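Peer 1: Pasting the sequence and the predicted model now:
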Amino acid sequence: MILTKVLKIFVSLMCICSFFNTYAQSLASTSGLKTEYLNHPIGLDNPYPRFTWKMVDTRNGARQTSFRIMVSTDSVGLTLGKAIQWNTRWLQTNFALKTYGGKALKAFTKYYWRLDITDQFHAKSLKYKISSFEMGMMNIKNWQSSWISDHENLNIKPAPYFRKTFETIKKIKYARAYIAAGGLYELSINGEKIGNHRLDPMYTRFDRRTLYITYDVTKQLTAGKNAIGVLLGNGWYNHQSTAVWNFEKAPWRNRPTFCLDLKITYQDGSSETITSGKDWKTDLSPIIFNSIYTAEHYDARLEQEGWNTVKFDDTKWKNVIYRAAPSNHIVAQAMHPIRNVEEIPAKSLKKFNDTTYVFDLGRNISGVSKIKLNGSAGTIVRLKHVERLYPDGRADLSNIDVHYRPTDDKDPFQTDILILSGKGEQSFMPRFNYKGFQYVEVTSNQPLILKKQDLVGYFMHSDVPVTGNIKASDPLINKIYAATNSSYLSNLFGYPTDCPQREKNGWTGDAAIAIETGLYGFDGITIYEKWLADHRDEQQPNGILPSIIPTGGWGYEWGNGPDWTSTIAIIPWNIYLFYGDKKLLADCYDNIRKYVNHIDENYPTGLTTWGLGDWVPVKSKSPVELTSTCYYYADAVILAKAAKLLGKMDDYKKYSELATKIRNAFNAKYLNKVTGIYSTGTQTELSVPLFWGIVPDENRKKVAANLAKRVEADHFHLDVGLLGTKAILNALSENGYGNIAYKIASQKTFPSWGWWIVNGATTLYENWPIDAKSDISMNHIMFGEIGAWFYKAPGGIKPDENQPGFKHILLNPKVVEGLTYFEASHDGPYGQIKSAWKKTTAGIQYNITIPANSSATLVLPVIKNQVIQLNGKINKRVKINLSAGNHIVVVNDNS
């Protein structure tokens, strides 16, 4: 009898377990399978690609307990569990990042990978996912083509056309085009432009690293005769405009060139490669001048209709010439490309007369305009792109052309020139240029009839996926955030820049300031990995880096130093924090060490005066030695941490000791331990040491209190430059002064971000006074740390360096006076994190979302007589551990 009851209970328990296991299997799945942080990429060179994914499971506490990856060239075999190339077997880990470790991958080969996971009950998900990636050249020896050009004269202005016809007889299975260029290009097959990228390939140190791009052109090829067309532009390779940075003196400069392999695989298993070589023909195009820096000129009378099609007669075209490759290092461009991301219609049109019009897009952007118009042959139309207007409503270039040094009047700044063909309506959009602008002034030497809808703008930038958002009860905060993102994207063109008009330079300091803003808001790892490769290309043997990267030589003697070029350490470290991926740290480790060693050798006391200092301050100036030494300390700390992560324990000890030496020397000189004041006690002098963690623990509270007093004395307004802007909001909010930080962030009077917004800004400016006589670009990212601060302080979302990549999330939202609700969301490597709060009549309600396979620690402020409820249950702790899922935390004032 007893035995029968026991058996019944056992059977019931087994049924319950079976039910829960089945339930688990039906819910746990995966999404976002990526290779090298890209969706189904083709043309990879990395022989050890990285796989990433996200667990999808809405149950509270959902987590992955193991995974298995199988790789094969046979997708059907993978569905049956057969892995020809690699099988990790079941790995007992909750990480969602794995580097390939199977048989050697082969060039030009497509691979499929299958992912299976188990959940917190160790139950395997019923639904597996299969993704793919395809290898590219992998080795320079695999190229079959020759580098060709049309001429050796780098001063020729018109852009060259190239074409070749060929015939296919067999049935095509698939085809890939591999193209590398010195300069820029547009590729077409049978008259159709291939892809929607703009300004390929990305800017590099061309004589040390050249990028190539892979395209799937299967659908563009036809049975029988085909035609390939290539149009080349100058880009940064052949800079014909002159400015203070000596672009035109770059050591690699030459007439644009390219090489192309078109690899065709047929249904019968055979293949052939169509290559660039002496059998190509060339002629000059209607693009009579192009400059990445200034503008593009186009003579529509010189158009050759159908130049890139089979039936075109090229008997009058010239033969091409051979050229040497720009470098011996030709590698895949594995990153999010530049695109025309958004079309922006003109908001208004003002007509001055029949030959003068001004279009207003209503917002400041990076990109190009596209105009459609009709006029008589030979009519010259000028499109001047500007950020602001003179009082009379005409275009004003004076704030952005100050560093331009033209040698004549043939290359006006940011002014496209179009000569009409007279053959009816035509449209024009530059192919090899971009600008920063809001207004387009159109002038002509003959009367034109233009309507508002005749011109649109295209917001161009690296097309990085959006990963974050904030919403606040104060509309000003939302506008500041939108302006920050617009400036960030306006300055992302395969490398981070300072501004999209006056310079287009990869200023290191600006990028160091904006790195967290970028990574909270966008999936930018592919851009930064490319840019840090540019750093490695540019670093001198003694460790010195230039202030702008890439560079044709300018920047090694001015503007560099740890306050700017610490990008070599700061950016890899932030990539590690945000993605949990050590690869960039490992790739840059020797470069960071070389850089830190250079400073140590030249400044053995631990204090360094090398740097620009707190650039463009409101009024107070801080010692360069103070700010640069803080950055030097940060470099040494990052280097020590990286050494430990990479198992280099001797280096960990050495650079930990160096960091201690720097910290002690800094505080001995600048900190008054009695008063808790650094130097003269300006906002920058107090906030920068706090932000970078160089303040002794026992003095931190007093220094923070002095900073709060200093801000109050400055009427809760900023008195900082670039370096202080990175630090001040964080230094306040991280040390108990969140309300004061928010007062600064939400100001509407000078100097503040809000001051720009109430005066019509849609992007961030370069200077606090809107009427500054210099340094007044109206689309600069260097004051963009506020975007990251919204996530870190009111949102309270931070990565945990002990479990990076938001595997574990640190949540410490600051509920501030002046807001009734706030919400921050970030889509990290494990999924979307959401931190929202709103004030109620009884207290505060927090709504928290932790993605599957992650966890978080929520820290709440200590308030007397408060009652805390977690998901409807009383909780007596202010430090709460949260598992994956949705959580409601209510804090009521019970006094």
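Peer 2: Arrived safely, thanks for sending. Numbering: from 1, shown residues only.
Peer 1: Who are the contact partners of the most centrally placed residue in the chain?
Peer 2: By Cα atoms, centre = their mean, the chain has its centre lying nearest to Gly524, at 3.8 Å. Residues near Gly524 by Cβ atoms under 8 Å, 6 or more residues apart in numbering: 462, 464, 492, 518. Just so you know, the C-beta spots here come from the backbone N, C-alpha and C atoms, and that holds for glycine as well.
Peer 1: please redo it, this time with the cut-off set to 10 Å
Peer 2: 37, 335-336, 462, 464-465, 467, 488, 492, 496, 515, 518, 531, 575, 578 (Cβ atoms under 10 Å, 6 or more residues apart in numbering).
Peer 1: Equivalent analysis for Met137, please.
Peer 2: By Cβ under 10 Å, 6+ apart, the contact set of Met137 is 43-45, 107-108, 143, 178, 180, 212, 214, 261, 263, 330-332.
Peer 1: Highest neighbour count among the residues you listed?
Peer 2: Scoring the contacts of Met137 on neighbours with other Cβ atoms under 10 Å, the highest-scoring entry is Ala180 at 28 neighbours.
Peer 1: Tell me how far the residue lying closest to Glu387 once chain neighbours are set aside lies from Tyr174.
Peer 2: Nearest non-adjacent residue to Glu387, counting by Cβ to Cβ, 6 or more residues apart in numbering: Met778, 4.3 Å away. Noted for Met778: a distance of 47 Å to Tyr174, by Cβ to Cβ, to the nearest Å.
Peer 1: backbone phi and psi for the residue nearest to Glu387, please?
Peer 2: Dihedral angles of Met778 (phi, psi; degrees, to the nearest 10) stand at phi -100, psi 20.
Peer 1: Count residues in the vicinity of it, would you?
Peer 2: For Met778, the count of nearby residues is 26 (other Cβ under 10 Å).
Peer 1: If I look at it, what pLDDT would I see?
Peer 2: pLDDT recorded at Met778 is 97.
Peer 1: What separation do you get for it and Leu455?
Peer 2: Using Cβ to Cβ, Met778 is found at 20 Å from Leu455.
Peer 1: same check, this time on Gly543
Peer 2: Separation of Gly543 from Leu455 (Cβ to Cβ): 49 Å.
Peer 1: Could you do Thr282 as well?
Peer 2: Relative to Leu455, and taking Cβ to Cβ, Thr282 is found at 33 Å.
Peer 1: same check, this time on Pro345
Peer 2: In terms of Cβ to Cβ, Pro345 sits 8 Å off from Leu455.
Peer 1: For stretch 306-320, buried residues please.
Peer 2: Neighbour counts over stretch 306-320 (16 or more other Cβ atoms under 10 Å) mark 307-310, 312, 314, 317, 320 as buried.
Peer 1: wait, I meant stretch 655-672
Peer 2: 655-656, 658-659, 661-663, 665-667, 669-671.
Peer 1: same check, this time on stretch 693-711
Peer 2: 694-695, 699-700, 702-704, 706-708, 710-711.
Peer 1: can those go into JSON lines with extra columns for distance to Pro256?
Peer 2: Formatted as JSON lines, these follow (distance: Cβ to Cβ, whole Å):
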{"residue": "Ile694", "distance to Pro256": "48"}
{"residue": "Val695", "distance to Pro256": "53"}
{"residue": "Asn699", "distance to Pro256": "58"}
{"residue": "Arg700", "distance to Pro256": "56"}
{"residue": "Lys702", "distance to Pro256": "60"}
{"residue": "Val703", "distance to Pro256": "55"}
{"residue": "Ala704", "distance to Pro256": "55"}
{"residue": "Asn706", "distance to Pro256": "57"}
{"residue": "Leu707", "distance to Pro256": "53"}
{"residue": "Ala708", "distance to Pro256": "56"}
{"residue": "Arg710", "distance to Pro256": "54"}
{"residue": "Val711", "distance to Pro256": "53"}
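Peer 1: ok, then the element right after the longest strand anywhere in the chain?
Peer 2: Criterion DSSP state E: the longest strand present in the chain is strand 356-373. As assigned by DSSP states H and E, the chain's next helix or strand after strand 356-373 is strand 380-386.
Peer 1: Output that next one as PDB - backbone C-alpha positions only.
Peer 2: Extracted in PDB, the C-alpha atoms of strand 380-386 (Å, rounded to 0.1, in the frame of the first residue of the first chain):
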ATOM      1  CA  ILE A 380      26.100  76.500 -64.700                       C
ATOM      2  CA  VAL A 381      24.500  75.700 -61.400                       C
ATOM      3  CA  ARG A 382      26.300  76.100 -58.100                       C
ATOM      4  CA  LEU A 383      25.000  74.400 -54.900                       C
ATOM      5  CA  LYS A 384      26.600  75.900 -51.900                       C
ATOM      6  CA  HIS A 385      26.100  73.900 -48.700                       C
ATOM      7  CA  VAL A 386      26.200  75.700 -45.400                       C
END
